[in-house]
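Chemist: Here is a sequence together with a model predicted from it:
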Amino acid sequence: MSKSSAHNAFLPPQALQAMQALGADLALARKRRKQSLREWAARMGVSVRTVQRMEQGDPGVGMGIYALALWLIGRSSALAQLALPELDMAALDQDIALALQRGQKRKAVA
């Protein structure tokens, strides 16, 4: 089993689809700039095959390669915003639920 298929087996379908969409968007960005796979591979210091795998959304490609591709298109700052705490709705929901539980316990004691 190849490294990338082992990774694919553990990814939820939504995560794999997001990786594939990101790869397709990076491929389109490269093509719109009229740059070849070979040019991007040289600029990124990787093989052409690695760029192809990235553009296919292969989760076996290192995150640093995706980050470098985002930098090539001037979008590397978007990475820092992906997991901003204030946008983590699941954690916010948990915080609210915990606060409500504390409030109910205080009412019960009073």
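Modeler: Happy to help now that I have it.
Chemist: Alpha carbons of stretch 50-58, as CSV, please.
Modeler: Extracted in CSV, the C-alpha atoms of stretch 50-58 (Å, rounded to 0.1, in the frame of the first residue of the first chain):
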residue,chain,number,x,y,z
THR,A,50,5.1,15.9,-6.0
VAL,A,51,3.5,19.0,-7.6
GLN,A,52,1.1,16.6,-9.5
ARG,A,53,0.2,14.8,-6.3
MET,A,54,-0.4,18.1,-4.5
GLU,A,55,-2.7,19.3,-7.3
GLN,A,56,-4.6,16.0,-7.0
GLY,A,57,-5.1,16.8,-3.2
ASP,A,58,-3.0,13.9,-2.1
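Chemist: Would you mind listing the buried residues in that stretch?
Modeler: 50-55, 57-58 (16 or more other C-beta atoms under 10 Å). All C-beta spots, glycine's among them, are computed from the backbone N, C-alpha and C.
Chemist: what do you get for stretch 18-33?
Modeler: Quick answer for stretch 18-33 (16+ other C-beta under 10 Å): 19, 22-23, 25-27, 29-30.
Chemist: So which of those are in helices?
Modeler: 19, 22-23, 25-27, 29-30 (DSSP state H).
Chemist: Excluding covalently adjacent residues, which one is nearest to the most centrally placed residue in the chain?
Modeler: Geometric centre of the chain, nearest residue: residue 19, 6.4 Å, by C-alpha atoms, centre = their mean. Spatial nearest neighbour of residue 19, chain neighbours left out: residue 57 (3.9 Å); criterion: C-beta to C-beta, 6 or more residues apart in numbering.
Chemist: Distance of the one you found relative to residue 37?
Modeler: 15 Å (C-beta to C-beta, to the nearest Å).
Chemist: same check, this time on residue 63
Modeler: Taking C-beta to C-beta, one finds residue 63 at 20 Å from residue 37.
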